[in-house]
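1. okay, sequence plus prediction incoming.
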Amino acid sequence: MAITYEPIATTTLSSAAASVTFSTISGAYTDLVLVCNIAQAASNNSLRIRYNSDTGSNYSFTNLSGDGSTASSGRDSNLTSGLVANTSGSTSLELVVIAHIQNYSNATTYKTHIGRGNRAASATDATVGLWRSTAAITTIDLAMGSTFPSNNFASGSTFTLYGIKAA
């Protein structure tokens, strides 16, 4: 069986940090997959993303979430960072996020990602995000909170970026 996911980079925080950056991402893959195991330092659990350090109002999202008894949805546009996951809960629980970033190196289309956030025994959510740029993604910045950044990732949080090889 051929290996299709190739690890590009992994970061494990030895102390709290306001953001995590993956840079000099090669265009050698068809798609990217981001896997985050986030230890929370604050109760605002929105994982935010910026591509190529773009701080313009070029991000939009649609989000669905549920906790077993209540479901909700939301959407927003013209934001200065994208939403990857918006799972709320206690700061003592770990947030696990998997995001798929499609056609990240294509220079003719806007970029999209699909994120799934899970917090054990608390809530889960799914988010579709759009970055209105045709630039190939070479840098990914991650932060927590309602703005970019407003809360720290706690020590022990782990972030891995994978490239998906062409079939």
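-> All right, it came through fine. Numbers count the residues shown, from 1 in each chain.
2. residue 76 pairs with what?
-> Residue 76 has these beta-bridge partners by DSSP bridges: residue 61.
3. so which bits of the helix or strand hosting residue 112 are buried?
-> Residue 112 belongs to strand 111-119 when assigned by DSSP states H and E. Neighbour counts over strand 111-119 (16 or more other CB atoms under 10 Å) mark 111-113, 115-117, 119 as buried. Just so you know, the C-beta spots here come from the backbone N, C-alpha and C atoms, and that holds for glycine as well.
4. quick one: strands adjacent to it?
-> By DSSP bridges, strand 111-119 pairs with strand 94-102 (antiparallel), strand 123-131 (antiparallel).
5. in CSV, list those along with mean neighbour count and mean pLDDT.
-> Shown next, in CSV, are the strands paired with strand 111-119 (neighbours: other CB atoms under 10 Å; pLDDT from 0 to 100):
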stretch, mean neighbour count, mean pLDDT
strand 94-102, 20, 92
strand 123-131, 21, 93
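6. can I get those in JSON lines including distance to residue 159?
-> Output for the strands paired with strand 111-119, formatted as JSON lines (distance: least, CB to CB, whole Å):
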{"stretch": "strand 94-102", "distance to residue 159": "9"}
{"stretch": "strand 123-131", "distance to residue 159": "17"}
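7. nearest to residue 23, out of the ones you listed?
-> Among the strands paired with strand 111-119, the nearest to residue 23 by CB to CB is strand 94-102 (14.9 Å).
8. follow-up on the earlier one: so which of the strands paired with strand 111-119 comes closest to residue 166?
-> Within the strands paired with strand 111-119, the stretch nearest residue 166 is strand 94-102; the backing value is 13.3 Å (CB to CB).
9. starting at the chain centroid, how far to the closest one?
-> Centre-to-centre, strand 94-102 and its host chain are 6 Å apart (CA atoms, centre = their mean, to the nearest Å).
10. pull the CA atoms of that strand into PDB?
-> Extracted in PDB, the C-alpha atoms of strand 94-102 (Å, rounded to 0.1, in the frame of the first residue of the first chain):
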ATOM      1  CA  GLU A  94      -8.300  18.700  25.200                       C
ATOM      2  CA  LEU A  95      -9.600  19.900  21.800                       C
ATOM      3  CA  VAL A  96      -8.700  17.700  18.900                       C
ATOM      4  CA  VAL A  97      -9.000  19.300  15.400                       C
ATOM      5  CA  ILE A  98      -8.500  17.800  12.000                       C
ATOM      6  CA  ALA A  99      -8.500  20.200   9.000                       C
ATOM      7  CA  HIS A 100      -8.300  19.400   5.300                       C
ATOM      8  CA  ILE A 101      -7.000  22.200   3.100                       C
ATOM      9  CA  GLN A 102      -7.800  21.500  -0.600                       C
END
